[in-house]
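Chemist: Below are the sequence and a predicted model for it; my questions follow.
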Amino acid sequence: GVGQVSDLDIILHPSDTKSTYTLSSSDKSVININDNKAEAVSDGECTVKVKTDNNLTDYCDVRVIPAPTKISVPKNLKVSLNEDYTFTPNAKDEYPESFFSFSSSDENVEKKKKSGKLTANNTGDCVVTVTSYNGLSEKCNVSVFREPTSLSFIDNDIIVPQDGTFQLGPQFNEGEGTSS
């Protein structure tokens, strides 16, 4: 996205090659190359060329899109123990996963992964922060609960008068609950 600066992954074969290479852009108003780093200057398309000192060349087509101007994630989220949840930041446009980073206030509760996929490791609460490469961030309060292992009515034999009302409520084992 516009404003990102990236090292381009250049793979030389064989892997112990000592060759040097240079990068160039077909449109410096879209991608500017400086010290073998690519800076996305404006939205558009161009081709980046890599050339080794022994004249091997390759090309990569690059599309630069505008930087996110707003992101949003759920304000509150309830997940069950050992459940995986993938954060997909809502943004005006579709953005690749590489535009965002993810962190958890308590890695013991939610273990983050680079892709935005989190795993609920332990019961408890934490805050997950989603940050775009251009500095926008949103927080989500996450509560991890243990799924019930059994369920029963408190009273299995209820007599209700006609036109009467009553309240049913499930009983869970201690420390267990539901997401609602």
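Modeler: It's in.
Chemist: looking only at pLDDT, what's the mean for stretch 146-159?
Modeler: Summarised as a single mean, pLDDT over stretch 146-159 is 74.
Chemist: chain center to that stretch, what's the gap?
Modeler: Put simply, stretch 146-159 sits 38 Å off its chain's centre (Cα atoms, centre = their mean, to the nearest Å).
Chemist: Can you list the buried residues in it?
Modeler: For stretch 146-159, burial by neighbour count (16 or more other Cβ atoms under 10 Å) applies to residue 146. Using the backbone N, CA and C atoms, a C-beta is placed for each residue, glycine as well.
Chemist: Can I get it as CSV, trimmed to CA atoms?
Modeler: Output in CSV follows, covering the C-alpha atoms of stretch 146-159 (Å, rounded to 0.1, in the frame of the first residue of the first chain):
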residue,chain,number,x,y,z
ARG,A,146,-14.9,-23.1,28.8
GLU,A,147,-17.6,-24.9,26.9
PRO,A,148,-20.1,-26.8,29.1
THR,A,149,-19.4,-30.5,29.5
SER,A,150,-22.9,-31.2,30.8
LEU,A,151,-26.3,-29.5,31.0
SER,A,152,-29.4,-30.1,33.2
PHE,A,153,-32.5,-28.3,34.3
ILE,A,154,-32.5,-27.3,37.9
ASP,A,155,-35.9,-28.8,38.3
ASN,A,156,-37.0,-31.6,36.0
ASP,A,157,-40.7,-31.7,37.1
ILE,A,158,-42.5,-28.3,36.8
ILE,A,159,-46.2,-27.8,37.2
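Chemist: Could you shift the numbering so residue one becomes 36, and keep it that way?
Modeler: Got it, first residue is 36 now, which makes that one stretch 181-194.
Chemist: Quick check: closest non-adjacent residue to residue 95.
Modeler: residue 83 (4.8 Å; Cβ to Cβ, 6 or more residues apart in numbering).
Chemist: Pairing partners for the one you found in the sheet, please.
Modeler: residue 60, residue 95 (DSSP bridges).
Chemist: cool, and the one 4 residues further on?
Modeler: Beta-bridge pairing of residue 87 under DSSP bridges involves residue 56.
Chemist: how much space is there between it and residue 78?
Modeler: 30 Å (Cβ to Cβ, to the nearest Å).
Chemist: where does the chain have low pLDDT?
Modeler: Scanning the chain for pLDDT under 70 picks out 125-128, 145-150, 189-191, 201-215.
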